[in-house]
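*Asks:* For reference, the sequence and a predicted model appear below.
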Protein chains: 4
Amino acid sequence: MTDNSQQFASDNYSGICPEAWAAMAKANQGHERAYGDDQWTERASAYFRKLFETDCEVFFAFNGTAANSLALASLCQSYHSVICSETAHVETDECGAPEFFSNGSKLLTAPSVNGKLTPESIREVAIKRQDIHYPKPRVVTLTQATEVGTVYRPDELKAISATCKELGLNLHMDGARFTNACSFLGCSPAELTWKAGVDVLCFGGTKNGMAVGEAILFFNRELAEDFDYRCKQAGQLASKMRFLSAPWVGILEDCAWMRHGNHANHCAQLLASLVSDLPGVELMFPVEANGVFLQMPEPAIEALRGRGWRFYTFIGSGGARFMCSWDTEEARVRELAADIRAIVAG
Amino acid sequence: MTDNSQQFASDNYSGICPEAWAAMAKANQGHERAYGDDQWTERASAYFRKLFETDCEVFFAFNGTAANSLALASLCQSYHSVICSETAHVETDECGAPEFFSNGSKLLTAPSVNGKLTPESIREVAIKRQDIHYPKPRVVTLTQATEVGTVYRPDELKAISATCKELGLNLHMDGARFTNACSFLGCSPAELTWKAGVDVLCFGGTKNGMAVGEAILFFNRELAEDFDYRCKQAGQLASKMRFLSAPWVGILEDCAWMRHGNHANHCAQLLASLVSDLPGVELMFPVEANGVFLQMPEPAIEALRGRGWRFYTFIGSGGARFMCSWDTEEARVRELAADIRAIVAG
Amino acid sequence: MTDNSQQFASDNYSGICPEAWAAMAKANQGHERAYGDDQWTERASAYFRKLFETDCEVFFAFNGTAANSLALASLCQSYHSVICSETAHVETDECGAPEFFSNGSKLLTAPSVNGKLTPESIREVAIKRQDIHYPKPRVVTLTQATEVGTVYRPDELKAISATCKELGLNLHMDGARFTNACSFLGCSPAELTWKAGVDVLCFGGTKNGMAVGEAILFFNRELAEDFDYRCKQAGQLASKMRFLSAPWVGILEDCAWMRHGNHANHCAQLLASLVSDLPGVELMFPVEANGVFLQMPEPAIEALRGRGWRFYTFIGSGGARFMCSWDTEEARVRELAADIRAIVAG
Amino acid sequence: MTDNSQQFASDNYSGICPEAWAAMAKANQGHERAYGDDQWTERASAYFRKLFETDCEVFFAFNGTAANSLALASLCQSYHSVICSETAHVETDECGAPEFFSNGSKLLTAPSVNGKLTPESIREVAIKRQDIHYPKPRVVTLTQATEVGTVYRPDELKAISATCKELGLNLHMDGARFTNACSFLGCSPAELTWKAGVDVLCFGGTKNGMAVGEAILFFNRELAEDFDYRCKQAGQLASKMRFLSAPWVGILEDCAWMRHGNHANHCAQLLASLVSDLPGVELMFPVEANGVFLQMPEPAIEALRGRGWRFYTFIGSGGARFMCSWDTEEARVRELAADIRAIVAG
């Protein structure tokens, strides 16, 4: 096992996919205007509008931390609050970025079922306090696919957005793995976003085979007012923007994004199918996207690490996360499954 | 003239240089740990330490807006202030980014000579006010090469840093075009930074032939405490960090950075030499780096634009800026010069 | 019951105590230098140093929201985090103020026992995560007396501060009701603060009989560097500072603060003693300071409100809070107790 | 000359006026609801609406730093900018408070004539830059009376607000000395604010004879959305609010505010008339409000200080500022004038 063998720790261990690479190479011809005033950015934006079947506002940021934080900051003021799942990435893994970008908006965590918010959990948090000493809820953010590999169905999204509308809350979707959700459901991007009441989507490019870059799509265009200034001030305006936008052209123009999503999801299903019958190994969540969460005995986890595998675990819980990528090789999945099997049998 | 003909509007109109591209291609093999825990980031950091002949702390950010703003924020608190030249990029072209990242640190502009701060101008601003109603100066930031294409000499830097030391000010260098300064002076990076008393350098990668990315070097290592957390929170930690660091390996390992700097500077000198004898055309500043600033009659400027040339002008001043890049072709410089000559003669 | 009858909703329903009022009247003679450069501010600071038996740094802010938030902000950076009890006022009732003043420091809530943090709960939160995606803990804040009317003993504080020291955490005390804690324990202010390892205390004046104003005491003087600038920038520097500091002279010079604390605590004990034997009424927490928390049947709570009493309740929990003040009349306490008794008997 | 003799350094050297004091004494009866839900706050708000002849939104903050900064923050986002005079208090004496409260909004200074902005100076700054690298102007703030003691006439205000409207800018008025402006012009508060196109006024209480407290009046009510939350989060919500609002009742109910303003203005005129004929002494600005700005030889300034007088000077300029207050005694003015006369003659 060499240093850059495929691992399952994160789908961002993978590199740049061929389609993104090719587009970057094409974009790397001659001079282009800077700061997004170039043909590639225009083309990428057009592809997004076509793909989502709507005239949305499109922006590009360097990474998901910034994309989500900027989007949330645009949906509320510092004295407002953001409702999210207790397992939401913005709450657990962003080092306070949403609070930083918004200058203090508090995240209010709501209980989730299989990583998913429900209208009830949102409502409960939203109406718990109405006094001035508590930051007024103004936004709901949900992650699609979720941090535990599950996927919101269109009717779940619609129920949530109806609750949001009723309560005066904007709805934001963290789509770091939006592709995997589309793939699992076979739904169109439109069905999973604006048609279901989502105001803003952060569509992840990095986990989709890009080097850097996320797209921020405002379906509610009014919310995008001066968002370009917001990006600039926050250090998220690329001077050579074409290298953030061209890869999107590459993966959108011939549906590579969907092929990659299908492939990653398929690998996750394969892994799950190869180990789910093992005694002492249990799926912690339904496998719907590109992640497999296994409950395993601690010694098994240790033994697996001992064989050189990298993956995330949850402290003291015996849970292990395995993420598949656009480039995951089936052989490598089988290798991992075989090792798990051997260890558990051991 | 096609759409992506070479222009002189900005050195960020250029693309990715071959050395950076090749390194990205190499880095795009297999899986790598995310968030900078990879071999490329380690190698790039080692190259920086070798190049600067010191054990500095090295960080990577996506762009110069963020790199400079984060560095400044780490050198002061929100109620402190930052002294900069009235022409400093952080003051004139960052849409309030330094104020945003620092949560309110005010920039105090000092008069400059040929775009350069002097010990006297710094001192005057630093001691003007000592009361609590004015933000306490804590940092000086200078740009090397400056926004008007001039370059600080080592003894100018030393005089400034001595003043800083005396007044309790940290010294930050915005090195978006640091390469061009090294090239012009034939000085080592160490001579122009820590040996001259600079605490932190933001070394620009984008204008050096990279797609995205700046390096932040803390020579005063204490000032770097928890800077990695600062980057993360501010949306400047790349998950696939290798694609920010590998290009540095590419341009540092065989001195491509210096060749590119030499070339861009050479083109600027060429342009200057071809037009400086023209009646009605005057150099606004000495040409020391990769920019040529020409005072020209407004009609000439208009006519030049009419021939398809893109460049920045200064409102109402008759000044035009022409920037050369790592990839500028001499033929294109001669074409531009010929057009200027023709127009002025016209 | 007239509009301004005594109530038990909050100890800030009370007015200005005679000693504070008299000091304000004295301070209201002629002209004084502004912004704290006056004799009253000097005298108040001296009283604090004498009372706390140490040469601490003393600052004044308008209210507790600001005092605590500014103090916390001075103890960490935006990418750090603050550990507090899940019931801490800074978490539950400040509308995101700590996050605002610090530009994003996240509050991490730890389980508490009777409203009190423990070394174990602090440690658990502090070491749960060590990675860069989680804000690094740097401060512990505790409330003395707590939000549920309990009081940390000196050895509890010492155990907590030992844990803090070990883990590299600063220790902040929210002392909105610090007086009541001193009164209950019969301890000196020094014993409950710096002698027990507290770095910074926010000593509440408002609940102590002042119109506005809190004092911020840095026992660790290094942490106070430029704190005056911080206050100024954050809108917490009073121009006519004497009216914030003179009341402190008034209540400190003849121990009025302690008399008031004793009185409020006594009233709480009285109330508790008058109702604790009632069937269906239970003390939720030991009564140690000036608050009494009663578990009562919802209909009883409703009936009590029906008789014109104002008090806070906890949604859906059947809990009611009754706070006593420096000016609470015993007769009014007995009136309240009688009404509770009558209703419960009802 | 004792320590608290009347001085002319600042109008905040004065104390609490009798009317404000009496109202505080009245308010200090029994218990009142906290956080502004009390009868005094309601009455003060009603007085403001009556005085300004419009149904404006009224808020109270502790001081002018906060009031102005919060108001400005509510009128723009962090990536917007605020146009102000180069002599504006928000620019020169707030230690970066506007930038802090807004999380980075840049102040753009415009040249002023006698301390006053003009439509032309505003326009020039507002349209200078239209690109994304420069924070988009969204607010104009002017100070009435200005920092140099001059006063905007209604038609000057109307011309400015017309320009604001045309350019999409909100108009904020820093009214620390609004009373003095009304007094000088004999205009109604309405004429100098909303009837002239002002969106928000910060009406200073401190310089008007209060201990602490400013009122923030939104004539454009939409701009006040959730402003109460903003105040709370920023540490500007007083728990015992009645002591911020009652003094306003005291000075508004029988026009004390105007009497005080008249008196202070009268003293300034007196001072000016007593010294303006002196050789070597010149009025720097027309005396329209309560300040007198004298150009005097440096030795004269030194000599005046030597006689125990306190006043502000402008570094290296030979300028001295003398401010009169609600409580300034004519005898003291004559004393000062006599000393100036003696020194100059000397």
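*Replies:* The structure has been received and is ready for your questions. Remember, predicted model here, so these are calculated numbers, not experimental data. Numbering: from 1, shown residues only, chains lettered A, B, ... in the order given.

*Asks:* Please make it C-alpha for all contacts and neighbour counts, starting now.
*Replies:* Will do.

*Asks:* Please give the element, helix or strand, for A:Ile216.
*Replies:* For A:Ile216, the enclosing helix or strand under DSSP states H and E is strand A:214-218.

*Asks:* for chain A, what's the longest strand?
*Replies:* strand A:136-143 (DSSP state E).

*Asks:* Spit out the contact partners of A:Thr328.
*Replies:* If a contact means C-alpha atoms under 8 Å, 6 or more residues apart in numbering or on different chains, then A:Thr328 has A:6, A:264, A:267 as its contacts.

*Asks:* thought the last one was touching A:Arg334?
*Replies:* No: taking contact to mean C-alpha atoms under 8 Å, the distance of 9.5 Å between A:Cys267 and A:Arg334 leaves them out of contact.

*Asks:* Quick check on those two: which one has the bigger neighbour count.
*Replies:* In this comparison of A:Cys267 against A:Arg334, neighbours counted by other C-alpha atoms under 10 Å in any protein chain shown, the higher total goes to A:Cys267 at 28 against 16.

*Asks:* who are the neighbours in contact with that one?
*Replies:* When contacts are counted by C-alpha under 8 Å, 6+ apart, A:Cys267 is found next to A:290, A:324, A:328-330, A:333.

*Asks:* is chain C contacted by the worst-scoring helix or strand of chain A on mean pLDDT?
*Replies:* Taking mean pLDDT, DSSP states H and E as the measure, the helices and strands of chain A show their lowest mean at strand A:312-314, namely a mean of 88. No: on the criterion C-alpha under 8 Å from any C-alpha of the partner chain, strand A:312-314 is out of touch with chain C, staying 10.5 Å away.

*Asks:* follow-up on the earlier one: next, format the contacts of A:Cys267 as CSV and append pLDDT.
*Replies:* CSV is the format used below for the contacts of A:Cys267 (pLDDT from 0 to 100):
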residue, pLDDT
A:Asn290, 98
A:Cys324, 98
A:Thr328, 97
A:Glu329, 97
A:Glu330, 97
A:Val333, 98
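
*Asks:* Backbone dihedrals for A:Gly319, both of them.
*Replies:* Dihedral angles of A:Gly319 (phi, psi; degrees, to the nearest 10) stand at phi -100, psi 140.

*Asks:* Do I have it right that it meets A:Pro299?
*Replies:* No: applying C-alpha under 8 Å, one finds A:Gly319 not in contact with A:Pro299, separated by 11.8 Å.

*Asks:* Who has more neighbours out of these two?
*Replies:* A side-by-side neighbour count of A:Gly319 and A:Pro299, using other C-alpha under 10 Å, places A:Gly319 first with 20 against 12.

*Asks:* hmm, back to that, run through who's touching the strand holding A:Ile216.
*Replies:* For strand A:214-218, the surrounding residues in contact (C-alpha under 8 Å, 6+ apart) are A:56-64, A:67, A:71, A:199-206, A:224.

*Asks:* So which of these sit within strands?
*Replies:* The members of those that map onto strands under DSSP E are A:57-61, A:200-204.

*Asks:* Can I get these in TSV including neighbour count, distance to B:Pro135 and pLDDT?
*Replies:* Converted to TSV, the ones in strands among the contacts of strand A:214-218 look like this (neighbours: other C-alpha atoms under 10 Å in any protein chain shown; distance: C-alpha to C-alpha, whole Å; pLDDT from 0 to 100):
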residue	neighbour count	distance to B:Pro135	pLDDT
A:Glu57	20	39	98
A:Val58	23	38	98
A:Phe59	23	35	98
A:Phe60	26	35	98
A:Ala61	30	32	98
A:Val200	30	38	98
A:Leu201	29	39	98
A:Cys202	31	38	98
A:Phe203	25	41	98
A:Gly204	25	40	96
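
*Asks:* quick one: which of those residues is nearest to chain B?
*Replies:* Of all those, A:Ala61 has the smallest distance to chain B: 9.4 Å, by C-alpha to the nearest C-alpha.

*Asks:* wait, what's in contact with that closest one?
*Replies:* A:Ala61 makes contacts with A:67, A:213-216, A:231, A:236-238, as judged by C-alpha under 8 Å, 6+ apart.

*Asks:* what do you get for A:Gly205?
*Replies:* For A:Gly205, the contacting residues are A:176, A:212-215, A:248, taking C-alpha under 8 Å, 6+ apart as the criterion.

*Asks:* Most neighbours among the residues you listed, which one?
*Replies:* Neighbour counts for the contacts of A:Gly205 peak at A:Trp248, which has 31 neighbours (criterion: other C-alpha under 10 Å).

*Asks:* and stretch A:233-245 with chain D, contact?
*Replies:* Yes: Stretch A:233-245 comes into contact with chain D (C-alpha under 8 Å from any C-alpha), by way of A:Gln233.

*Asks:* can you list contacts of that stretch?
*Replies:* The contact list for stretch A:233-245, computed with C-alpha under 8 Å, 6+ apart, reads A:24, A:27, A:32-36, A:38-41, A:44, A:60-62, A:66, A:101, A:212-213, A:231, B:12-13, B:15, B:62-66, B:94-97, B:100-101, B:206, B:211-212, D:79, D:133.

*Asks:* Need the mean per-residue confidence for that stretch.
*Replies:* For stretch A:233-245, mean pLDDT is 98.

*Asks:* Let's see which of the contacts of A:Thr328 end up in strands.
*Replies:* Secondary-structure check on the contacts of A:Thr328 using DSSP E: no residue lies within strands.

*Asks:* Just name the closest of those to B:His260, please.
*Replies:* Minimum separation from B:His260 among those (C-alpha to C-alpha) is found for A:Gln6, which lies at 35.8 Å.

*Asks:* Thought B:His31 was touching the closest one, still the case?
*Replies:* Yes: in this structure, A:Gln6 sits in contact with B:His31. The criterion is C-alpha under 8 Å, and the distance is 5.2 Å.

*Asks:* Show me what the strand holding A:Ile216 pairs with in its sheet, parallel or antiparallel.
*Replies:* Looking at strand A:214-218 with DSSP bridges, its paired strands and their directions are strand A:57-61 (antiparallel), strand A:200-204 (antiparallel).

*Asks:* Next SSE downstream of that strand?
*Replies:* On the C-terminal side of strand A:214-218, the closest following helix or strand by DSSP H and E is helix A:227-233.

*Asks:* Tell me which residue lies nearest the centroid of chain A.
*Replies:* Nearest to the geometric centre of chain A sits A:Ala176, at 1.7 Å (C-alpha atoms, centre = their mean).

*Asks:* ok, A:Ala289 touching A:Gly149?
*Replies:* Yes: contact criterion C-alpha under 8 Å: A:Ala289 and A:Gly149 qualify, at 5.2 Å.

*Asks:* who has more neighbours, the two?
*Replies:* Higher neighbour count among A:Ala289 and A:Gly149: A:Ala289, with 33 against 27, using other C-alpha under 10 Å.
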